[in-house]
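**Q** Below are the sequence and a predicted model for it; my questions follow.
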Amino acid sequence: MERVPKVAVIGSANMDLVTQTPRMPKVGETLEARRFHTGFGGKGANQAVALSRLGADVMMVARIGDDMFGAEMKRNFEENGVDARFVEPVPGCSTGVAAISVDDEGNNCIMIVKGANGTLSPDDVAGAGESLKRSDMLLLQLEISLDTVYAAIDFGAKNGVPVFLNPAPGMPLKREYLRMVDFLAPNETELEIITGMPVASTGDVLAAARSLVNEGVPKVLVTLGAKGSLLVDSKEHLFVDPFPVKPVDTTGAGDAFIGAFIVEYLGSKDIKGAMKMANRYAALSTTREGTQKSFLHRAEFDTLLEERKA
């Protein structure tokens, strides 16, 4: 029997407030939206749920508010098989919120209110330390304090636990910490913000990713949306073609990609195979509305792939 990979996610947990609209409004414009719904989100929580649904043993380190959203958030982790021992409420603080608009083309724009996510501290990382040391990988994003992200990277490096950093939302980052991660996984926009280089073409993206590798980042994995994905390291670069679908809602597709990539990579150590699987899993998530609820369980995913082949 294959060993189940153990992944610790240190990151955000949000309640998504989602509006479906024919198109994005212009500045100053009032536009009647078609539909509204709530859902569980936050990049950390999304990636944790994707990992768990694909069969990983997942632990979440996060902070939630002492409100009704926070209680629902903890219940959602538990129902999805995520170890939520280190998901704790913060007195007097709201749960993080993401206001999301999705248009008829499947495009989205998102505004984040950190809430309790902003209180997750380096001490909280240290408090979960003994459990973190038993993980096969630490997974991080940037919807929590940068000091906490840096502390988690430092913890991984000192304890021999590989670190996967999804630098979202994009912001300038200290290079000494980027050199300590095993994988840096931005999208094109985040890559542009981190490097200050253009990403208008595939060649631009490759050059920007290569510049980070030249600065000492071990592996840069760029998600390219409908164009697939790119891996750059000191030896080579590798493009993997997209999996063609007709998208309905692209929200959370990047999180689906990361969850699928990590599960497959930890199981096989085959980067190309992991990228191929992640492209497929992320693409299929865009054919359903919502964020976490669009993430397939492993059996569903395998069945859909078999049907596509047939």
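**A** Ah, there it is.

**Q** What is the neighbour count of the nearest residue to Arg175 once chain neighbours are set aside?
**A** In space, and not counting its chain neighbours, Arg175 is closest to Glu215: 5.8 Å by CB to CB, 6 or more residues apart in numbering. All C-beta spots, glycine's among them, are computed from the backbone N, C-alpha and C. Close neighbours of Glu215, defined as other CB atoms under 10 Å, add up to 11.

**Q** Okay, strands next: where are they in this structure?
**A** 6-10, 14-20, 35-41, 57-65, 83-90, 96-102, 108-113, 137-140, 163-165, 183-184, 219-223, 229-233, 237-240 (DSSP state E).

**Q** got CSV for those, with mean neighbour count and distance to Asn76 too?
**A** Formatted as CSV, the strands of the chain follow (neighbours: other CB atoms under 10 Å; distance: least, CB to CB, whole Å):
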stretch, mean neighbour count, distance to Asn76
strand 6-10, 27, 14
strand 14-20, 22, 10
strand 35-41, 17, 5
strand 57-65, 27, 10
strand 83-90, 18, 9
strand 96-102, 22, 14
strand 108-113, 15, 18
strand 137-140, 26, 18
strand 163-165, 24, 22
strand 183-184, 25, 26
strand 219-223, 24, 25
strand 229-233, 22, 28
strand 237-240, 16, 31
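
**Q** The closest residue to Ser294 other than its chain neighbours: what's it in contact with?
**A** Among residues not flanking Ser294 along the chain, Arg288 sits closest, at 3.8 Å (CB to CB, 6+ apart). Taking CB atoms under 8 Å, 6 or more residues apart in numbering, we find Arg288 in contact with 248-249, 294.

**Q** Can you tell me the strand partners of the worst-scoring helix or strand of the chain on mean pLDDT and which way each runs?
**A** When the helices and strands of the chain are scored by mean pLDDT, DSSP states H and E, strand 108-113 comes last with a mean of 84. Here strand 108-113 is paired, per DSSP bridges, with strand 96-102 (antiparallel).

**Q** what is the mean pLDDT for the strand it pairs with?
**A** Averaged across strand 96-102, the pLDDT comes to 89.
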